[in-house]
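K.L.:
This is a predicted model, with the sequence first.
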Amino acid sequence: MKFIELTVKNHTIVHGFDARNQEIVEDVKVDEASKKLVAIDRILSVSEKFILVKYAYNRVIYWEYMESYKKVKKMLTSS
């Protein structure tokens with residue numbers, strides 16, 4: 001399994017959907033950014049500010065990352 005290392009901070013966890021098909025979300029705000037290894041095969045998409053990662057139990061997390069979009073793109077294409 002291949003990984004990239006990112007500096008991540010705030011994130012939004014999507015836990016699934018309720019009976020009315022509305023997303024069940026949890027917004028997490030943290031004081032300090034931290035390093036995280038992200039498995040490349042779990043990445044669903046990358047925007048200029050967020051990386052969308054899938055987890056167990058049909059959860060996805062939108063991580064706010066600190067690196068530039070260009071740097072993340074380069075990490076992914078060189079892996």
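P.N.:
That came through fine. Only a predicted model underlies this, so the values are computations on that prediction, with no experimental measurement involved.

K.L.:
For beta bridges, what are the partners of I61?
P.N.:
Beta-bridge pairing for I61 (DSSP bridges): I13, V53.

K.L.:
That one contacts Y55, doesn't it?
P.N.:
Yes. Between I61 and Y55 there is a contact under Cβ atoms under 8 Å: 6.2 Å. Backbone N, C-alpha and C define where each C-beta goes, glycine included.

K.L.:
can you list contacts of stretch 20-36?
P.N.:
Stretch 20-36 is contacted by residues 5-18, 63, 66 when judged by Cβ atoms under 8 Å, 6 or more residues apart in numbering.

K.L.:
Restricted to buried residues, select the residues you listed in PyMOL.
P.N.:
To isolate the buried members of the contacts of stretch 20-36 in PyMOL, using 16 or more other Cβ atoms under 10 Å:
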select buried, resi 6+8+9+11+12+14+63
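
K.L.:
tell me, how many neighbours does V72 end up with?
P.N.:
By other Cβ atoms under 10 Å, the residues close to V72 number 19.

K.L.:
CA atoms only for stretch 64-78, dumped as PDB, please.
P.N.:
Extracted in PDB, the C-alpha atoms of stretch 64-78 (Å, rounded to 0.1, in the frame of the first residue of the first chain):
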ATOM      1  CA  GLU A  64      -8.100  20.500   5.200                       C
ATOM      2  CA  TYR A  65      -4.400  20.200   4.200                       C
ATOM      3  CA  MET A  66      -1.700  22.700   4.500                       C
ATOM      4  CA  GLU A  67       0.500  21.800   1.500                       C
ATOM      5  CA  SER A  68      -0.100  23.500  -1.900                       C
ATOM      6  CA  TYR A  69      -2.400  21.800  -4.400                       C
ATOM      7  CA  LYS A  70       0.500  21.600  -6.800                       C
ATOM      8  CA  LYS A  71       2.700  19.700  -4.300                       C
ATOM      9  CA  VAL A  72      -0.100  17.200  -3.500                       C
ATOM     10  CA  LYS A  73      -0.700  16.600  -7.200                       C
ATOM     11  CA  LYS A  74       3.000  16.000  -7.700                       C
ATOM     12  CA  MET A  75       3.100  13.600  -4.700                       C
ATOM     13  CA  LEU A  76       0.200  11.600  -6.100                       C
ATOM     14  CA  THR A  77       1.400  11.500  -9.700                       C
ATOM     15  CA  SER A  78       4.900  10.400  -8.700                       C
END
